[in-house]
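S.K.: Sequence and predicted model, in that order:
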Amino acid sequence: MSNRKLAVLGMIATLMAGWAILQNRISQNVNTADFSSSALIEGLQIEAVAGVTITSEKGEKTTTLNRKGGVFVVADKDDYPADAAKINTLINSCLDIRTHEKVTDNPDNHADLEVTDQTARYRVAFIDSEGKEIVGMFISKNNETGGAFARLLSGNEVYSIQSPPWIPTGVMDYVDAQLLKIPQDQLSSVAVRMGQDSYVLTASEDGSKIELQNMPAGKQYKGTDYKSVFGALSSLRFSDVVHAENVPQELQFDSAYTCKLKDKTVYKLALAKKDEKTYAKVSADYLDRSQVEVSKADSEEQLKEKEAKLMAMDAVNQFNQKHGGWVYQIAAPNAGNLMKPLSELLEDIPEPISDTEPNLVQ
């Protein structure tokens, strides 16, 4: 064998030995970390969950959600019904968390990794019907790479997680705060009453104008505030809610905002004001109380009209069942339009300007 062939074989042997060493080192490095792509919470039976607690601000604030009569309620708001979509989002966000890498199982490291009662960004616990924790977790605040750390309440293992969820922690975050949403083209009239001050705004026949009943002589609308009053229920939201039994007795619901729709549905808000805050009791009614009877002789148009009436009546019943017995604090941007005095809507019609110039004194 020539010296050249021997040199080539020696070079190949050296490369293979180096590759073997490199592979061994890579294998050793991989084995020192425990990688996982499993869900942090596994096997949670949703039907067994009777409550959820969300704790934040390093253990100082807790929101409690309980299941009652098959639906979740917000315990911190007199058991006001929670928004089902928001509850589903919360549960799915927790179940979608997947571990990335095991960081430690030493409890001495938990505080530094912010996965304790006193340090965690979130503590979420799922509770059974006996008040016992089914499963729960701590989640730290996000780190500089956008990830976070997580630990089950029942274990010491801490994992890094990618794309940690944003979990709402406020009591009102789990409530549908949209009280009413009525398109203006459905409105027929709006009546405002505050003591001796009362007025009625009506939509013109084609809906293009808003007219004030009994417009005072010499007056006209000032700006466009009257439009805001007329459309106050186009997106009416509340910022707080309390059961009527727990309302302070000094609240006097002596003002009213009544809205009549073209389909004869009426929404009424009994209003009270205290310390610059506006409170409302809401109810609905349907003015056509005649019985709906369907016959084979009805035309398609008649059937549609009767169906629309039945649907409107059902909507009124559902509205009253949901909101009866509750008092709402109306969000500030909306509150002013519900209790606006007529004097703020009107101004004097300006005197006409003469076209002729005055005579000059010579």
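M.R.: Yep, it's here.
S.K.: start to end distance for stretch 235-254?
M.R.: 23 Å (CA to CA, to the nearest Å).
S.K.: Now do the buried residues in that stretch.
M.R.: Leu236, Arg237, Phe238, Ser239, Asp240, Val241, Val242 (16 or more other CB atoms under 10 Å). The way it works is simple: take the backbone N, C-alpha and C, and place the C-beta from them, glycine included.
S.K.: ok, now stretch 118-126?
M.R.: So stretch 118-126, judged by 16+ other CB under 10 Å, has buried residues Thr119, Ala120, Arg121, Tyr122, Arg123, Val124, Ala125, Phe126.
S.K.: Tabulate those residues (a markdown table), appending pLDDT and secondary structure.
M.R.: Below are these laid out as a markdown table (pLDDT from 0 to 100; DSSP: H, G, I helix; E, B strand; the rest coil):
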| residue | pLDDT | secondary structure |
| --- | --- | --- |
| Thr119 | 97 | coil |
| Ala120 | 97 | coil |
| Arg121 | 97 | coil |
| Tyr122 | 97 | strand |
| Arg123 | 98 | strand |
| Val124 | 98 | strand |
| Ala125 | 98 | strand |
| Phe126 | 98 | strand |
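S.K.: List the ones among the buried residues of stretch 235-254 that fall in strands.
M.R.: Leu236, Arg237, Phe238, Ser239, Asp240, Val241, Val242 (DSSP state E).
S.K.: now, which of the residues you listed sits nearest Pro333?
M.R.: Distance to Pro333 across those (CB to CB) is lowest for Arg237, with 8.2 Å.
S.K.: residues touching the closest one, list them.
M.R.: By CB atoms under 8 Å, 6 or more residues apart in numbering, Arg237 lies in contact with Ala177, Gln178, Leu179, Ile330, Ala331, Asn334.
S.K.: Now list the buried members of those residues.
M.R.: Leu179, Ile330, Ala331, Asn334.
S.K.: domains in this protein, as residue ranges please.
M.R.: 46-174, 178-348 (automatic domain parsing).
S.K.: coming back round to it: tell me the two of the contacts of Arg237 that are most distant?
M.R.: Across the contacts of Arg237, the longest distance by CB to CB is 12.2 Å; it joins Gln178 and Ile330.
S.K.: What segments of the chain are helices?
M.R.: 3-31, 84-95, 225-230, 300-323, 332-338 (DSSP state H).
S.K.: hey, least reliable of the ones you listed by pLDDT?
M.R.: For the helices of the chain, mean pLDDT drops lowest on helix 3-31, to a mean of 43.
S.K.: Tyr226: neighbour count?
M.R.: Look at Tyr226: counted by other CB atoms under 10 Å, it has 22 neighbours.
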